[in-house]
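Asks: following is a predicted model, sequence given first.
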Amino acid sequence: AVDQLENLKIIFKSSEDLHALINNILDLERSLTKKVPLEFQEFDLRTSIEKVAKRFFVMALQKGIELSIIIESDVPKTLIGDQNRLRQILMNYLSNAVKFTSSGDISVLVSVVTPDRNGQMVLKVEVRDTGCGVAPFIRGHLFLPFVQGDLSNTRAYGGSGLGLAICHELSKSMAGEVGYEAIGKGSSFFALLPFVVRHPTSFDRFRTIMSDILTDPSPTEGPERRSSDN
């Protein structure tokens, strides 16, 4: 009976992994072929982030990890943009952070990269962890499909290696970019994303702002564009 229960657990876990892999492949395929149009809507940034973080609070708590959200005071409460893409990027980042962090803390941080200019603002949405970090030789390829830190990570933690590639494509579709920084022994995965920060006075103005965002190849003048190397 014990062996049967263990076998059932293995089968269930394998089916979950297969389901996640299929979903990731479909997400990546949709992103690459641009089949999913951008959805521009007004949303509350903190509420949107909290809904994503809640999915990981229990897993973090079980591992004794503190999960926090820090939004800088100059970040607007309300934004206009594609919150579903933002949430999917955060879900992939947080999933990896919880998976690869055995102790310490995980933080979601949001800060302003480019201040409000004609109704546009570029934000840095970042997930920091105190996990095992990323081997230096693989950092330049992190956002390619099927790439993980090393083979031991695949054996120990599982995963398809598609999550970061999906983040890369999602950020590109929003005229943004993604990147990685080593933070001590841990990691920082971030996305630089443009948003509209206030309602334009007319629909034509709104359409002009969104057109500018989608056609501007360089959403910031700050950090170098890391995604082209990943």
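Replies: It's in.
Asks: for stretch 91-108, buried residues please.
Replies: 91-101, 105-108 (16 or more other C-beta atoms under 10 Å). All C-beta atoms are positioned from the backbone trio N, CA, C, and that covers glycine.
Asks: repeat that for stretch 41-49.
Replies: Buried residues in stretch 41-49, counting neighbours by 16+ other C-beta under 10 Å, are found at 43, 45, 48-49.
Asks: ok, residue 46 touching residue 75?
Replies: No: at 9.0 Å, residue 46 does not count as touching residue 75 under the criterion of C-beta atoms under 8 Å.
Asks: please name the nearest non-neighbouring residue to residue 76.
Replies: residue 197 (4.8 Å; C-beta to C-beta, 6 or more residues apart in numbering).
Asks: what about residue 115, how many residues nearby?
Replies: The number of residues packed near residue 115 is 10, by other C-beta atoms under 10 Å.
Asks: that older thread, now that the residue nearest to residue 76 has come up, it's in contact with residue 120, right?
Replies: Yes: with contacts counted by C-beta under 8 Å, residue 197 reaches residue 120, the gap being 7.1 Å.
Asks: who are the packing partners of the top strand by length along the chain?
Replies: Ranked by residue count under DSSP state E, the longest strand found in the chain is strand 105-117. Where contact means 3 or more C-beta pairs under 8 Å, 6 or more residues apart in numbering; DSSP states H and E, strand 105-117 is packed against helix 45-62, strand 66-71, helix 83-100, strand 120-129.
Asks: now the ones you listed as JSON lines including mean pLDDT and distance to residue 164?
Replies: As requested, these are exported to JSON lines (pLDDT from 0 to 100; distance: least, C-beta to C-beta, whole Å):
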{"stretch": "helix 45-62", "mean pLDDT": "92", "distance to residue 164": "16"}
{"stretch": "strand 66-71", "mean pLDDT": "96", "distance to residue 164": "20"}
{"stretch": "helix 83-100", "mean pLDDT": "91", "distance to residue 164": "7"}
{"stretch": "strand 120-129", "mean pLDDT": "95", "distance to residue 164": "11"}
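Asks: adding distance to residue 39, write the ones you listed out as JSON lines.
Replies: Below are the helices and strands packed on strand 105-117 laid out as JSON lines (distance: least, C-beta to C-beta, whole Å):
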{"stretch": "helix 45-62", "distance to residue 39": "13"}
{"stretch": "strand 66-71", "distance to residue 39": "22"}
{"stretch": "helix 83-100", "distance to residue 39": "6"}
{"stretch": "strand 120-129", "distance to residue 39": "17"}
